[in-house]
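Peer 1: From the sequence below, what's the structure:
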Amino acid sequence: MEIVIANKSHSIYAAIICETIAEAAQVRGTGIAKRKPRIYHY
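Peer 2: Numbers count the residues shown, from 1 in each chain. Got it, this is the predicted structure:
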């Protein structure tokens, strides 16, 4: 397995990940707030 540090090319996955987390939290009944994807520049 190769570990890759995310970069700009991975930003296409941000919205999918946020939506998946929100859906999973709703199914579990946990109070995780829905988040909007943000791209951080370091």
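
Peer 1: pLDDT below threshold where in the chain?
Peer 2: Scanning the chain for pLDDT under 70 picks out 31, 33, 39-42.

Peer 1: quick one: the helices in it?
Peer 2: Along the chain, the segments classed as helices by DSSP state H run 14-28.

Peer 1: now the nearest residue to Ala15 once chain neighbours are set aside: how far from Met1?
Peer 2: Residue nearest to Ala15 in three dimensions, not counting chain neighbours: Pro37, with 5.0 Å by C-beta to C-beta, 6 or more residues apart in numbering. No exception for glycine: its C-beta is placed from N, CA and C like everyone else's. Between Pro37 and Met1 the computed distance is 25 Å (C-beta to C-beta, to the nearest Å).

Peer 1: Compare those two (neighbour count), which wins?
Peer 2: Shown here are Pro37 and Met1; by other C-beta atoms under 10 Å, Pro37 has more neighbours (13 against 2).

Peer 1: show me what contacts that one?
Peer 2: By C-beta atoms under 8 Å, 6 or more residues apart in numbering, the contact list for Pro37 reads Ser11, Ala14, Ala15, Ile17, Cys18.
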